[in-house]
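Student: let me see the structure of the following:
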Amino acid sequence: MNERPAADLIVDVAGVSKRFLGEGPRAVNDLSLAVERGEILCLLGPSGCGKTTLLRLLAGFERPDAGEVHVAGKLVASPTLSVPPERRRIGFVFQDFALFPHLNVTDNVAFGLAGTRAARRARAAEVLDLVGLSVFAARMPHQLSGGQQQRVALARALAPQPHILLLDEPFTNLDASLRGATRDEVRSVLKRSGMTAIVVTHDQDEALSLGDRVAVMRFGRVEQIGRPEDVYMHPATPFVAGFVGRTNLLRGQAEGRSARTGLGPVALANEATGQVVVSLRPDQLQLVVGAKPDGASVRAKVARREFRGHVVTYEAHIDWTPPGAASKGGLQAGERLLVDERPDCRLQVGDEAWVIVKGAGVSLA
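Tutor: Modelled structure (predicted):
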């Protein structure tokens, strides 16, 4: 049966796998994923984790070895079926924008639309107005900034009114100064149009600020999926904790909402029992100079100082622990901690300070 109720589910990927080499690892490995109407989902992960392969399977550029892909309630891909890309009603925005250099903005957007020339140009004008580029309708691509070219590519993908829009690293070719503003503009356009979108990125900040949900991928699978704040504040695994932002991973012994660690007792945001790995973000640690404060059990020496505007991030190496701490599973001399302090913190490389914990850590699986 090739139909299933669409309801508000636009993409339904069930048990999909894809391997490119005979006995090599799977680029996508038994992956399941669902995306609702109007949702922006960001696929986040390191190079080679399967993000772009999944996008190509959705678009119809590749056929799965196993599993099924449904778009808007219709089966579009399985090992024995592959609906051609042009019949899937899927828009694709490429890294390099892929605009036609010999066509002006209007003709780029109208390219490939059905209907009379007047109807195509009317639809192009409508979408250019949506992305805020009506005044540039007659310009050639080389007369536009990178951010403007990105919005033309977005308009062209939106023009045929696809079920879903796929964007593969859409901001990679933009200058750093343009990325934030363009990202905000793209999100605004997608929300105003009600478009469902899947965005591939390896940039954590990009995924957290753009997506309604974030799916963190590793080895062809989704390791965790959820709202950006949940994935960041409550990572499910050490990999997610380390990839989505910076973190400190400590061994500990948990008893409910607390764990004994090399930094002393640490409150936990989630209940756990037995041996655990505790994730503490750099802003959950503090460096204190002078007399040993209550709750401190280790001292560290600043090895690196990184001024980042809103915070200063310190890399501090443990240089003192209580006698016997290492043999009991605690921190050892030389181990590294990352600590975020206020931008006016004056600690410099070579300075020593006590390390204390503030806030609750997360016990990881």
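Student: wait, what's in contact with the residue lying closest to His234 once chain neighbours are set aside?
Tutor: Leaving aside its sequence neighbours, His234 sits nearest to Val362 (Cβ to Cβ, 6 or more residues apart in numbering; 5.8 Å). The way it works is simple: take the backbone N, C-alpha and C, and place the C-beta from them, glycine included. Val362 makes contact with 233-235, 241, 268-270, 278-279 under the criterion Cβ atoms under 8 Å, 6 or more residues apart in numbering.
Student: looking at this, Gly350 is in a strand?
Tutor: No: applying DSSP: H, G, I helix; E, B strand; the rest coil, one finds Gly350 to be coil, outside a strand.
Student: distance of it from Leu285?
Tutor: Distance, Gly350 to Leu285, using Cβ to Cβ, to the nearest Å: 19 Å.
Student: okay, those two: which has more neighbours?
Tutor: For Gly350 versus Leu285, neighbours defined as other Cβ atoms under 10 Å are more numerous around Leu285 (22 against 9).
Student: and the strand with the most length in the chain, which residues are buried?
Tutor: Ranked by residue count and defined by DSSP state E, the top strand of the chain is strand 264-280. Neighbour-count burial for strand 264-280, counted by 16 or more other Cβ atoms under 10 Å, picks out 264, 266, 268, 272, 276-280.
Student: of the contacts of Val362, which is the nearest to Asp129?
Tutor: Checking these against Asp129 by Cβ to Cβ gives Met233 as the nearest, at 38.6 Å.
Student: neighbours of the closest one, how many?
Tutor: As a burial measure, Met233 scores 16 neighbours (other Cβ under 10 Å).
Student: got a pLDDT number for it?
Tutor: The score at Met233 is 91. That number is its pLDDT.
Student: does it touch Leu280 like I think?
Tutor: No: using Cβ atoms under 8 Å, Met233 is not in contact with Leu280, being 11.9 Å away.
Student: contacts for the least confident helix or strand in the chain by mean pLDDT?
Tutor: Lowest mean confidence among the helices and strands of the chain (mean pLDDT, DSSP states H and E): helix 176-193, at a mean of 88. Identification of contacts with helix 176-193 by Cβ under 8 Å, 6+ apart yields 38, 40, 130-132, 145-147, 150-151, 154, 158, 165, 167, 170-171, 174, 195, 197, 206, 209-210.
Student: which pLDDT value goes with Gly329?
Tutor: On pLDDT, Gly329 comes in at 50.
Student: ignore the last one, Arg37
Tutor: pLDDT for Arg37: 95.
Student: let me see the contact set for it.
Tutor: 8-10, 194, 196.
Student: ok, now Ala300?
Tutor: For Ala300, the contacting residues are 287, 316-319, 337, 352-355, by Cβ under 8 Å, 6+ apart.
Student: leaving out sequence neighbours, find the closest residue to it.
Tutor: Ala300 sits nearest to Ala316 (Cβ to Cβ, 6+ apart), 3.7 Å away.
Student: okay, and that neighbour sits in which element?
Tutor: Taking DSSP states H and E as the criterion, Ala316 maps to strand 312-320.
Student: right, and Ala110 touches Glu126 too?
Tutor: No: Ala110 lies out of contact with Glu126 (Cβ under 8 Å); the separation is 10.7 Å.
Student: neighbour count: the two, which is higher?
Tutor: Set Ala110 next to Glu126 and count neighbours by other Cβ under 10 Å: Ala110 wins out with 24 against 14.
Student: any idea how far Ala66 is from the more buried one?
Tutor: Taking Cβ to Cβ as the measure, Ala110 falls 39 Å from Ala66.
Student: helices of the stretch 51-200 of the chain, start to end?
Tutor: Counting by DSSP state H, counting those that start in this stretch, the stretch 51-200 of the chain has helices at residues 51-59, 105-110, 117-130, 146-158, 176-193.
Student: relative to Glu23, which of those is closest?
Tutor: helix 51-59 (17.4 Å).
Student: contacts for the closest one next, please.
Tutor: Helix 51-59 is contacted from outside by 11, 13, 16, 18, 27-28, 31, 33, 43-45, 62-64, 69, 71, 77, 85, 88, 90, 92, 164, 166, 168-169, 198, 200-202, 217, 220, using Cβ under 8 Å, 6+ apart.
Student: that'll do, ta.
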